[in-house]
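*Asks:* Pasting the sequence and the predicted coordinates here, then a few questions.
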Amino acid sequence: MLKIADRTFQSRLLLGTGKYPSFEAQKKAVEVSEAEILTFAVRRMNIFSHEQPNLLEQLDLSKHTLLPNTAGAKNAEEAVRIAKLAKASGLCDMVKVEVIGDNRTLLPDPIETLKASEMLLEEGFIVLPYTSDDVVLARRLEELGVHAIMPGASPIGSGKGIINPLNLKFIIEQSSIPVIIDAGIGSPKDAAYAMELGADGVLLNSAVSGASDPVKMAEAMKLAIKAGRLGYEAGRIEEKDYAVASSPISGMVPS
Ligand SMILES: CC(=O)[C@@H](O)[C@H](O)COP(=O)(O)O
């Protein structure tokens, strides 16, 4: 079970809603994924204009918690404005803080992310910041009072998977709030790896929406996250440099 603030979720997969080939594919992928938390970019969503098509209308919202994100914000003030807009629409009081500091890599701006998180906490939001895999920043955000921390595996949409497992491990070890690995997941093995490292959840979008078969990939990600979590809970064997026979040697009948 994933617990964020006072809310609990059965699914540890958080799914993005952008760039699906069609509303139909998106709807089916969301269903098959069993993801309860769905994130969407407030600035790219038509939440106030009822005449325009809105992909949220395609979904059964009673089954989901919406996690608006502040994608497009370049500083803390913009992020807060976007979050307030989402709250005013009555969608949710939970927000994914996303303040991009570099257009080419889409890496988050650590200083503005920290500032935005502080401002949003003061406004009473449930705050989930998307951050780099910086261990100290993760600690500073937790000290501030954020409700979960979402370090990136690699740049958004890159599909490169986990490029710094050691930093993610350090963040997971030091955190007493949920750690959700966000962005850069390319394939089910990356999602399983994140969970095996001890993450509480994985947020992904492009790997599913950009797959040749998004519905099949949504299912694969669901299973990978479950498998990774089970593996983590089961406790893997220690890695060794040399072979250790897997059949017992003592008590063998001499040949
Ligand atoms: C949808 C969303 O929030 C993205 O900004 C997120 O970080 C996912 O990244 P990927 O598309 O790389 O999975």
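*Replies:* All right, it came through fine. Residues are numbered from 1 along each chain as shown.

*Asks:* contacting residues around the closest residue to the ligand within the chain?
*Replies:* In the chain, no residue comes nearer to the ligand than residue 16, which is 2.8 Å away by C-beta to the nearest ligand atom. For every residue, glycine as well, the C-beta is placed using N, CA and C. With contacts defined as C-beta atoms under 8 Å, 6 or more residues apart in numbering, residue 16 is in contact with 38-40, 203-206, 208-209.

*Asks:* What ranges in the stretch 51-200 of the chain fall below the confidence cut-off?
*Replies:* 51-55 (pLDDT under 70).

*Asks:* which helices and strands does the one helix or strand residue 170 maps to pack with?
*Replies:* Taking DSSP states H and E as the criterion, the element that holds residue 170 is helix 165-174. On a contact count with 3 or more C-beta pairs under 8 Å, 6 or more residues apart in numbering; DSSP states H and E, helix 165-174 meets helix 135-144, strand 150-151.

*Asks:* Can you show me the CA trace of the longest one as PDB?
*Replies:* What follows is the C-alpha trace of helix 135-144 in PDB, where atoms were taken according to Å, rounded to 0.1, in the frame of the first residue of the first chain:
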ATOM      1  CA  VAL A 135      20.500  13.600  -1.900                       C
ATOM      2  CA  VAL A 136      20.900  16.800   0.000                       C
ATOM      3  CA  LEU A 137      18.000  18.600  -1.800                       C
ATOM      4  CA  ALA A 138      15.800  15.600  -1.100                       C
ATOM      5  CA  ARG A 139      16.600  15.900   2.600                       C
ATOM      6  CA  ARG A 140      16.000  19.700   2.600                       C
ATOM      7  CA  LEU A 141      12.600  19.100   0.900                       C
ATOM      8  CA  GLU A 142      11.600  16.500   3.500                       C
ATOM      9  CA  GLU A 143      12.700  18.900   6.300                       C
ATOM     10  CA  LEU A 144      10.400  21.500   4.800                       C
END
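
*Asks:* Thank you, goodbye.
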